[in-house]
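Participant: Please find the sequence and the predicted model below.
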Amino acid sequence: MVRKKINFNSKWGNTENLANMIPSIGVGMAELIKNAYDADAEIVTVELNGAFHSNNDKCSLTISDDGHGMTEEELEHWFTVGDSKNKQIGERVSKKGRLRTGGKGIGRFACKKIAQTVTLVTKAKNHPTYSVEIDWDEHDDSANIEDVDFYYEENADAYSGFFPTEDKSGTYLILKKFRDEMTGNELQKLHRNIHTLINPFSEIDDFTIDLRVPKDKKRWESIGTRDLTKFAQYSFTANIDAMGNNVEWKFENSHPWSKNKLKKNGSWETKDLLSANQRCSIRSTKIWIYYLSRTSQLKRDYKMAKTGEISGDDLDKICGFKLYRGKHRIYPYGEVGGGKASESGDWLSLTSSRNSDNVKWFGHNQLIAAAEVDPTSNPDIKDMANRTGLQDNIHKQQLIELLRAIVTKMKTDLCNPIPSKLPEWLKAPDFYYDISTLAEVGEEVCLIPTCKTSMPTTWSINPNLPKGIELDKKTGEISGKTKQHIETTKFTVLGKNEIGKHKFNLYIQINKKPEKNNDDNSTDKVGAESELEPKKPEGVVILDDPTTEYKISIRDILHNAKSKLDNLNQATSKQDIERILNNVRDEINKMLDKL
């Protein structure tokens with residue numbers, strides 16, 4: 001038997017397939033930034049000032065970092081396709097203690113996804129500066145990949161200013177001749193991909209991404225995910241413990257239309273959240289959920305200092321439930337476009353659930369939310385090589401079930417009922433008094449306002465009330481006695497609070513007391529009314545009663561009823577007339593009760 005050696009081989013054209021595993025420019029840029037994170041960089045600068053030329057061949061961008069750079073040996077390894085030293089035992093954790101995110105060896109092909117050429121300039125501390133230029137389109141796709149040669153230079157003069165001292169280190173990637181135009185829309189996507197690459201709710205203190213764009217493109221640079229959460233009506237944060245047994249949570253109701261603003265915390269057992277007979281395999285996971293109403297009256301308060309009011313389209317592009325493995329994003333989970341989440345973006349199927357039952361569920365575009373899975377405690381939660389989500393296994397399915405259960409329990413147990421419109425008590429003041437008051441000099445006056453909406457906090461009246469009658473400037477009550485006779489006078493009451501103000505016109509008439517008849521010499525008693533008998537109003541029959549007290553009581557009631565009927569002359573609306581007639585009816589009922 002003759003044994004002969006045979007090897008797998010590959011064609012240069014397969015680099016295109018590797019590049020196409022990266023779904024978008026934004027994800028490609030994120031991959032390159034993650035490489036900088038793995039290299040212990042503290043600052044990554046993404047320079048986009050040259051990226052918006054109308055001619056793609058003149059477009060360029062630069063990604064630079066201050067990480068550990070590459071030695072000559074590491075540079076040569078960078079050209080090994082499909083391999084990453086991050087897979088090697090002892091290399092999974094960086095010198096700074098960072099759990100490295102790479103492992104597939106395809107991140108470098110993000111450069112091919114974005115541009116035709118890339119220049120790599122790198123330097124390790126106390127090592128030479130190495131540079132190499134790659135033109136991805138220069139070679140025939142049918143060539144064997146091992147036959148495609150590139151040449152790197154040591155300490156090339158062109159890059160001498162990149163690392164001015166021996167102790168400097170880092171890497172530059174200079175991409176030129178873009179594959180596609182960098183439009184404003186692409187910049188928005190790029191901004192989202194870069195600024196959500198690192199979990200905004202669990203930021204890394206020693207890792208900063210500096211995105212530099214032209215002045216006329218800075219709007220999206222100023223809209224941060226975390227900044228928007230300060231407008232949330234409901235906030236929920238939680239931790240799944242290290243054993244996967246409990247969900248410890250904190251909740252805050254900040255809804256401006258809710259009377260029950262509160263903060264509370266609690267714990268749920270995972271066995272109660274999962275379907276029967278499941279043991280939770282998800283451990284050490286953090287969760288952030290923020291609900292932002294799309295009601296126009298609330299949405300107009302979503303304003304940023306630099307950009308002004310946040311539009312519904314802006315919210316659509318920022319909302320969603322994102323997933324992080326460690327500190328880094330798993331794409332495309334949480335992506336939303338045009339108000340609708342893609343099937344993979346709405347990976348928890350929240351919108352379809354809400355369409356079926358909006359009492360139990362939030363929609364995907366109503367939430368700014370994230371879950372951060374600790375990769376050490378959850379080794380079976382892994383992203384796919386093509387950066388299109390998690391590998392499909394029972395752990396992924398349980399994570400989805402658990403997060404869905406938490407979302408619906410948050411809404412039903414903690415948020416509901418959610419106010420759908422501005423409550424009456426938050427509307428501008430609207431109040432009324434009895435439209436007119438008739439009294440005699442020395443008689444007690446008491447008018448109490450009826451408030452239909454929010455209560456004014458300060459009250460005033462114009463013109464001034466007669467001496468002895470006062471307006472309570474805190475409650476709006478008008479009360480007191482006066483010795484001053486006044487004809488029917490219109491008074492305007494103004495009530496104000498921080499929401500608004502309201503005016504109401506009322507009429508007060510203070511009559512002189514009728515003089516008593518003390519002429520005891522009168523002999524003509526026939527048909528005359530005694531001093532205590534009430535004068536019978538026309539058309540009203542008062543039943544005979546032997547007691548003076550009863551007659552006086554009936555007289556007073558009739559007097560009040562007549563004075564309220566007199567108010568009809570000042571009524572200005574159907575509501576005023578209805579209110580006056582109801583008051584008269586109340587007086588008549590009092591008289592009937594006496595009978």
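Facilitator: Noted; the coordinates are in hand.

Participant: Tell me how confident the model is about stretch 281-295, as a mean pLDDT.
Facilitator: For stretch 281-295, the mean pLDDT works out to 95.

Participant: and it, which residues are buried?
Facilitator: Residues of stretch 281-295 classed as buried by neighbour count (16 or more other Cβ atoms under 10 Å): 281-293. Backbone N, C-alpha and C define where each C-beta goes, glycine included.

Participant: need the longest helix for the chain.
Facilitator: Under DSSP state H, the helix in the chain containing the largest number of residues is helix 574-594.

Participant: Show me the strands in the stretch 101-250 of the chain, by range?
Facilitator: Counting by DSSP state E, counting those that start in this stretch, the stretch 101-250 of the chain has these strands, from start to end: 115-123, 129-135, 152-154, 170-178, 208-212, 234-240, 246-253.

Participant: just checking, what packs against the second one?
Facilitator: This points to strand 129-135. Counting contacts by 3 or more Cβ pairs under 8 Å, 6 or more residues apart in numbering; DSSP states H and E, strand 129-135 packs against helix 72-78, strand 115-123, strand 152-154.

Participant: Could you say which one of these comes nearest to Thr101?
Facilitator: Minimum separation from Thr101 across the helices and strands packed on strand 129-135 (Cβ to Cβ) falls at helix 72-78, 16.5 Å.

Participant: Where does the prediction get shaky in the stretch 351-500 of the chain?
Facilitator: Scanning the stretch 351-500 of the chain for pLDDT under 70 picks out 435.

Participant: One more pass at 90, please.
Facilitator: For the stretch 351-500 of the chain, the stretches with pLDDT under 90 are 382-389, 420-427, 434-442, 452, 482-486, 488.

Participant: now the helices for it?
Facilitator: Using DSSP state H, counting those that start in this stretch, the helices of the stretch 351-500 of the chain run over residues 394-409.

Participant: which ones are touching Arg300?
Facilitator: Counting by Cβ atoms under 8 Å, 6 or more residues apart in numbering, Arg300 touches Glu309.

Participant: Now the phi/psi pair for it, please.
Facilitator: In terms of degrees, to the nearest 10, the main-chain angles of Arg300 are phi -70, psi -10.

Participant: just Thr196 next, same as before
Facilitator: The phi and psi values for Thr196, taken as degrees, to the nearest 10, are phi -110, psi 0.

Participant: cool, and Lys317?
Facilitator: phi -80, psi -20.

Participant: ok, back up a step: so which of the helices and strands packed on strand 129-135 is the most surrounded?
Facilitator: A comparison of the helices and strands packed on strand 129-135 by mean neighbour count, using mean count of other Cβ atoms under 10 Å, puts strand 115-123 on top with a mean of 22.

Participant: So Asp167 sits against Lys123, correct?
Facilitator: No. With contacts counted by Cβ atoms under 8 Å, Asp167 stays clear of Lys123, the gap being 10.2 Å.

Participant: Return the set of residues that bridge with the closest residue to Asn246 other than its chain neighbours.
Facilitator: Nearest residue to Asn246 in three dimensions, chain neighbours excluded: Ser267, at 5.2 Å (Cβ to Cβ, 6 or more residues apart in numbering). Under DSSP bridges, the beta-bridge partners of Ser267 are Glu248.

Participant: what's the burial count for Ser267?
Facilitator: 12 (other Cβ atoms under 10 Å).

Participant: Please apply the same query to Leu447.
Facilitator: Residues contacting Leu447 under the criterion other Cβ under 10 Å number 17.

Participant: so what's it up against?
Facilitator: Counting by Cβ under 8 Å, 6+ apart, Leu447 touches 433-434, 437, 477-479, 506.

Participant: Which among those residues count as buried?
Facilitator: Taking 16+ other Cβ under 10 Å as the criterion, what is buried in the contacts of Leu447 is 433-434, 437, 478-479, 506.

Participant: Secondary structure of Thr15: a helix, I assume?
Facilitator: Yes. With DSSP: H, G, I helix; E, B strand; the rest coil as the criterion, Thr15 is located in a helix.

Participant: the domain parsing of the chain - what is it?
Facilitator: 14-222, 226-301+309-415, 423-514, 540-595 (automatic domain parsing).

Participant: closest one to Phe8 among those domains?
Facilitator: Nearest of the domains of the chain (Cβ to Cβ): domain 14-222, 10.6 Å.

Participant: Just the CA trace of stretch 318-333, in PDB.
Facilitator: This file holds the C-alpha atoms of stretch 318-333, laid out as PDB (Å, rounded to 0.1, in the frame of the first residue of the first chain):
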ATOM      1  CA  ILE A 318     -32.800  53.100  19.200                       C
ATOM      2  CA  CYS A 319     -35.500  50.900  20.800                       C
ATOM      3  CA  GLY A 320     -35.300  47.100  21.000                       C
ATOM      4  CA  PHE A 321     -34.200  44.300  23.300                       C
ATOM      5  CA  LYS A 322     -30.500  43.800  22.700                       C
ATOM      6  CA  LEU A 323     -28.300  40.900  23.800                       C
ATOM      7  CA  TYR A 324     -24.700  41.100  25.100                       C
ATOM      8  CA  ARG A 325     -22.400  38.200  25.700                       C
ATOM      9  CA  GLY A 326     -20.000  39.700  28.200                       C
ATOM     10  CA  LYS A 327     -19.700  43.400  27.300                       C
ATOM     11  CA  HIS A 328     -20.200  42.900  23.600                       C
ATOM     12  CA  ARG A 329     -23.200  42.800  21.400                       C
ATOM     13  CA  ILE A 330     -24.700  39.800  19.700                       C
ATOM     14  CA  TYR A 331     -26.000  41.000  16.300                       C
ATOM     15  CA  PRO A 332     -28.700  41.400  15.000                       C
ATOM     16  CA  TYR A 333     -30.800  41.000  18.200                       C
END
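
Participant: Buried residues, that stretch. List them.
Facilitator: Under the neighbour-count criterion of 16+ other Cβ under 10 Å, stretch 318-333 has 318-333 buried.

Participant: Can you tell me how far the nearest residue to Lys396 once chain neighbours are set aside is from Leu273?
Facilitator: Nearest non-adjacent residue to Lys396, counting by Cβ to Cβ, 6+ apart: Leu390, 4.6 Å away. The spacing between Leu390 and Leu273, counted by Cβ to Cβ, to the nearest Å, is 19 Å.

Participant: for Ile33, same thing?
Facilitator: Counting by Cβ to Cβ, the gap from Ile33 to Leu273 is 35 Å.

Participant: So for these two, which residue has more residues nearby?
Facilitator: More neighbours surround Ile33 than the other of Ile33 and Leu273, with 25 against 19 (other Cβ under 10 Å).

Participant: list the contacts for the more buried one?
Facilitator: With Cβ under 8 Å, 6+ apart, Ile33 has these contacts: 44, 46, 63, 194, 197, 209.

Participant: repeat for Lys189
Facilitator: Per Cβ under 8 Å, 6+ apart, neighbours of Lys189: 24-26.

Participant: And for Lys250?
Facilitator: 236-238, 263-265.

Participant: And stretch 196-215, end to end?
Facilitator: Its start and end residues considered, stretch 196-215 measures 22 Å (Cα to Cα, to the nearest Å).

Participant: contact partners of that stretch?
Facilitator: 30, 33-34, 37, 41-49, 52, 96, 187, 191, 194-195, 221, 224-226, 286, 288, 322, 324, 327-329, 334, 370, 372.

Participant: Sort out which of those are buried, if you could.
Facilitator: For those, buried by 16+ other Cβ under 10 Å: 30, 33-34, 37, 41-42, 44-48, 52, 187, 191, 194-195, 225, 286, 288, 322, 324, 327-329, 334, 370, 372.

Participant: Out of these, which sit inside helices?
Facilitator: The helices, defined by DSSP H, take in 30, 33-34, 37, 187, 191, 194-195, 225 from those.

Participant: Out of those, give me the two with the largest separation.
Facilitator: With Cβ to Cβ as the measure, no two of those lie farther apart than Tyr37 and Leu187, at 22.2 Å.

Participant: Tell me where the model's unsure across the stretch 101-250 of the chain.
Facilitator: Along the stretch 101-250 of the chain, segments meeting pLDDT under 90 span 101-110, 145-147, 180-200, 202-206, 208, 211, 213-228.
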